[in-house]
Every structure is written in structure tokens, then in C-alpha cells.
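Trainee: Take this sequence and fold it.
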Amino acid sequence: MSLCLRYCQNQEEAEDALMEAYVKIYDNMKTFRYQSSLETWMRRICVNISINKIRARKFNWQDISENEYQIGYDDHAFDQVNVDQIMKFIGKLPDGYRTIFNMFAIEGYSHKEISETLGIDEGTSRSQLAKARKVLQSMLHQLNPNPHEQ
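Mentor: Next up, the predicted model:
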């Protein structure tokens, strides 16, 4: 459920995605080929169904030039924050940023895989990730305006 919540817009959409995932997993269990762990296979199904929920909302990915994704951010901005706070901040990101951030930073997809899965350019994936990081950094800065003074 937590995986679906990271992608979906609200609790009901996440519950719907999870139920669809359960059905798909059950219906396709006989086709599982043990080329990866069962958990990885099940997670991939949950992610794909959650992404389909985003697509069903007719979300438009913003295409951005290659140069725009090179936005600076501070790698140490996250050092003083616990996981629950970070997950709440991720949940507040706009759909595009949140989806790309989850796929890249949490699920471990490459920009190429994200691009193929979502039907977007790799540059768009990179820019959405960079902007997500920048927004998260801004949220963290508001929480702790002077992180170096601790």
C-alpha cells in the first residue's frame, strides 16, 4: 500500500491500484518465471498499475530541454531529516516530479527505463528528477533554515 501511495494522488486511488495489483498478481502467478525475486515482480506490477492511474488522469509530461534539467541542489540538505518527513515531502510533490523521483530514487529505474515506461524523453525524466530534488530541498530548507548551525 505504501508503494501505491507514493505514486497515487490519494488514498482511494492507491487502494484501487493495490486491489488491481492483487488481482493481476493472482491471475499471473502461474506465469512468474523466477528470473527475479517474487517481491521485485510484485513491486513492478504495483508501480506499473499506479503509473497507469496517473496516465488515466491524462497527466501531461512537460517536455524540457536538456539544459534545463541541470538545476543545482545541495546533496546534504537531507542529512538532518528522518525518513517519515522525507516521505511526507515526496507525497506533496506534483505528480510528474513525484513519479520520476519515486521511480529513479526509490525504485531504482534508470532514466532510459523511466522514459520507456512513461513514454517521455530521457531529458524530461532528468529534468523532472532535478526539479523534484530542488523542490524537496526547498521544503527541507523551510523545515531547517540553517542546517549548518547544528
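
Trainee: Please make it C-alpha for all contacts and neighbour counts, starting now.
Mentor: Will do.

Trainee: Just the buried positions in stretch 105-122, please.
Mentor: Residues of stretch 105-122 classed as buried by neighbour count (16 or more other C-alpha atoms under 10 Å): Tyr109, His111, Ile114, Ser115, Leu118, Ile120, Asp121, Glu122.

Trainee: Thr117 versus Arg55, what's the distance?
Mentor: 11 Å (C-alpha to C-alpha, to the nearest Å).

Trainee: State the distance from the most centrally placed residue in the chain to Ser110.
Mentor: In the chain, the centroid-proximal residue (C-alpha atoms, centre = their mean) is Asn102; its distance is 2.0 Å. Distance from Asn102 to Ser110, counting by C-alpha to C-alpha: 11 Å.

Trainee: For this protein, just list every one of the strands.
Mentor: Counting by DSSP state E, one finds no strands in the chain.

Trainee: Domains in it, by residue range?
Mentor: The chain breaks down into these domains under automatic domain parsing: 1-58, 61-150.

Trainee: Could you tell me the least trusted of the ones you listed?
Mentor: Mean pLDDT is lowest for domain 61-150 among the domains of the chain, at a mean of 78.

Trainee: picking that back up, nearest to Asn10, of the buried residues of stretch 105-122?
Mentor: Among the buried residues of stretch 105-122, Leu118 lies closest to Asn10 (C-alpha to C-alpha), at 20.2 Å.

Trainee: mind listing what that closest one touches?
Mentor: Counting by C-alpha atoms under 8 Å, 6 or more residues apart in numbering, Leu118 makes contact with Ile51.

Trainee: for the protein, which helix is longest?
Mentor: For the chain, the helix with the greatest residue count under DSSP state H is helix 122-143.

Trainee: Could you give me the buried positions within it?
Mentor: Buried-residue list, helix 122-143, by 16+ other C-alpha under 10 Å: 122-140.

Trainee: Val23 is in contact with Ile45, correct?
Mentor: No. Counting by C-alpha atoms under 8 Å, Ile45 sits too far from Val23 to count as a contact (10.4 Å).

Trainee: which residues in the chain form helices?
Mentor: With DSSP H as the criterion, the chain has helices spanning 2-7, 11-28, 38-56, 83-92, 95-101, 111-118, 122-143.

Trainee: quick one, phi psi at Gly108?
Mentor: Main-chain dihedrals, Gly108, degrees, to the nearest 10: phi 80, psi 20.
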